[in-house]
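Peer 1: Sequence and computational prediction follow.
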Amino acid sequence: NARVLCLHTSEILPRDEVVSGAFIAAVTPVGHLRETAAELDAAGAFLSPTFIDTHIHIEYSLLTPGEFARCVIPRGTGCVLADPNCIGNVLGVQGMDWAGTTGTPLKILQQVSYRIPRAPALELGGATVTEEEQLARIVRANAVTVGESAPFGFDERASRLHALAVQGGRRITGHSARVANELLWGYAATGVSDDHNAFVTAEILDRVRLGMMITVMSGSMNDNVPMVFADTAAVAGGYSSFSFCADDRHVDDLHRRGHLAHHVRAALAAGVPVLEAYRMASLNAAVFYRLDHLVGSITPSRRADFMLLDDLALARPHTVFIDGAVVARSTWSADGVPTSTLGFENTDTIPASTVGTVPNFINTIEGRFEMDAVLLPVGSEGRQGTCYSGNMHMISTKSEHPEEAWELLKLYSSGEAGVLMVLEGKLQPNGHKSAWTDAKVNEVNRMFGITDALLTAGIEPFPMPKNTRFTEANNAYQNEMDLIWEGQVGWA
């Protein structure tokens with residue numbers, strides 16, 4: 001008794017869904033089957049496939065894979081295509097394998113990282129992944145694509161990885177915003193078949209015409225959804241070539257804004273038809289990445305990964321199934337945060353070499369929750385990391401008082417705390433302009449005030465080659481810096 005999203009035909013039909021074990025056995029008109037072993041009345045709720053994230057770095061969320069699953073499954077995500085290049089930069093293949101494994105119901109399929117370190121002649125990471133280790137992983141059953149590359153990184157080693165991937169029917173992931181004409185055509189000719197950074201209408205159409213999938217990205221650094229769908233009339237003909245990805249999304253954004261459900265809501269707000277938005281979040285991804293015989297639709301023989309929703313526009317499931325089992329039941333607050341009862345536990349282990357705890361830094365706050373410091377992970381070449389991986393550490397919390405922990409974080413990031421960091425802690429202030437311009441702070445070190453003057457006047461960006469991941473992150477940071485500095489964007 002559900003309203004099933006029939007995404008192959010763009011219909012919503014009253015149907016019964018029959019589940020056998022982990023699979024969908026049949027989808028029939030309501031009441032067609034007279035006897036079943038057990039029955040759940042959907043009471044007319046919408047029944048949709050769970051969502052598929054087509055490109056994400058789980059470690060950027062600052063969550064372990066199991067904790068990430070606990071966060072996103074109640075929000076409707078059942079499968080992610082994950083590129084572990086950040087943890088790989090620190091721990092090598094040990095980190096890559098660990099980040100792609102969980103005992104929770106979440107399906108993690110790996111995008112085998114393109115090159116670690118990304119620029120061996122320029123970077124000093126914690127580990128190096130050899131070509132042999134890459135090639136061994138691209139043929140594994142859980143490998144679905146080659147990880148993201150840039151248009152300037154193609155060489156003989158890359159060609160061998162691409163060739164082996166294509167021979168096994170796997171896609172090759174990339175990003176190529178601002179690239180056009182010969183450089184774009186050459187990039188596509190290497191086998192790269194998607195782009196999660198293009199957001200200008202002309203760029204989108206260029207790529208769709210080349211047969212590329214536009215993996216519409218909405219992460220913590222930037223949200224491309226409104227820009228990608230700024231001209232729906234122009235891009236509507238290519239809707240079958242759109243899917244959704246988070247790329248880099250912090251745990252706080254996952255918790256408060258959601259995961260791919262945010263993409264669905266934003267697409268609907270931009271004028272994308274509802275079934276097209278849900279198809280982008282599920283079936284389109286499954287078809288393009290050659291997973292549609294397993295997931296992505298409510299059809300026989302597929303995995304029974306689906307959810308029940310009362311309102312498609314809100315994209316807030318009240319019940320989520322994965323492999324035929326109830327994995328989350330949720331009620332939703334008015335501002336879109338679920339309170340969930342999970343049908344699973346996170347029993348994943350964290351290898352001792354992944355996180356080192358500093359015992360002397362553990363503090364128990366009023367007996368309620370613990371705060372601790374962690375060392376950078378130890379890779380095969382020492383305790384090191386790039387500018388990205390070095391700032392990433394894994395968080396696994398069992399706090400029974402998350403709201404109080406949240407208030408503590410807001411306190412630590414306040415202007416008052418920034419002043420105390422200098423006056424009492426002999427530290428650099430946090431990122432609040434009020435702290436850097438405080439008179440007493442500047443008595444300690446007048447450079448804080450000079451820094452404010454430089455930021456206010458505008459700093460000439462350090463010259464970097466275009467279309468590198470560093471430039472992408474640096475540009476995003478600069479775009480937000482004024483808001484952060486003026487206190488318009490912050491923890492609260």
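Peer 2: Looks like it came in fine.
Peer 1: So Ala163 belongs to a helix, correct?
Peer 2: Yes: Ala163: assigned to a helix according to DSSP: H, G, I helix; E, B strand; the rest coil.
Peer 1: and it, what pLDDT?
Peer 2: pLDDT for Ala163: 94.
Peer 1: ok, the nearest residue to Phe51 once chain neighbours are set aside - contacts?
Peer 2: With C-beta to C-beta, 6 or more residues apart in numbering as the criterion, Phe51 has its nearest non-adjacent residue at 4.0 Å, and that residue is Leu260. (Glycine included, C-beta is placed from N, CA and C.) Counting by C-beta atoms under 8 Å, 6 or more residues apart in numbering, Leu260 makes contact with Phe51, Ile52, Asp53, Arg75, Gly76, Thr77, Phe244, Ala246, Ala281.
Peer 1: Need these in CSV (columns: secondary structure, neighbour count and distance to Ala304).
Peer 2: Supplementary listing: those in CSV, determined by DSSP: H, G, I helix; E, B strand; the rest coil; neighbours: other C-beta atoms under 10 Å; distance: C-beta to C-beta, whole Å:
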residue, secondary structure, neighbour count, distance to Ala304
Phe51, strand, 30, 15
Ile52, strand, 28, 15
Asp53, strand, 27, 19
Arg75, helix, 28, 19
Gly76, coil, 27, 15
Thr77, strand, 29, 16
Phe244, strand, 30, 22
Ala246, coil, 30, 24
Ala281, coil, 31, 18
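Peer 1: measure the residue nearest to Phe51 to Val272 for me?
Peer 2: 14 Å (C-beta to C-beta, to the nearest Å).
Peer 1: count of neighbours near Leu33?
Peer 2: Here the count is done by other C-beta atoms under 10 Å, and Leu33 has 13 residues near it.
Peer 1: no, scratch that, I was asking about Arg209
Peer 2: 10.
Peer 1: ok, now which ones touch it?
Peer 2: Per C-beta under 8 Å, 6+ apart, neighbours of Arg209: none.
Peer 1: what does Phe68 give?
Peer 2: Counting by C-beta under 8 Å, 6+ apart, Phe68 has contacts Ile58, Ser61, Leu106, Leu254.
Peer 1: so Met421 sits right up against Trp436, yeah?
Peer 2: No: with contact defined as C-beta atoms under 8 Å, Met421 does not reach Trp436; the gap is 10.8 Å.
Peer 1: Same drill for these two, tell me which one is more crowded.
Peer 2: Taking other C-beta under 10 Å, Met421 and Trp436 do not tie; Trp436 has more neighbours (25 against 17).
Peer 1: I figured that one hits Ile450, correct?
Peer 2: No: with contact defined as C-beta under 8 Å, Trp436 does not reach Ile450; the gap is 9.5 Å.
Peer 1: which element follows the host helix or strand of Tyr187 toward the C-terminus?
Peer 2: Using DSSP states H and E, Tyr187 maps to helix 181-189. Sequence-wise, the next helix or strand downstream of helix 181-189 (DSSP H and E) is strand 194-195.
Peer 1: which other residues reach that following strand?
Peer 2: 54-55, 171, 173-177, 207, 212-215, 288.
Peer 1: Identify the residues contacting His262.
Peer 2: So His262 contacts Ser218, Val225 (C-beta under 8 Å, 6+ apart).
Peer 1: can you pull the pLDDT of it?
Peer 2: pLDDT, read off for His262, is 97.
Peer 1: Could you grab the helix/strand/coil label for it?
Peer 2: helix.
Peer 1: Repeat that for the one 4 residues further on.
Peer 2: Using three-state DSSP as the criterion, the local structure at Ala266 reads helix.
Peer 1: now it: how far from Gly76?
Peer 2: 15 Å.
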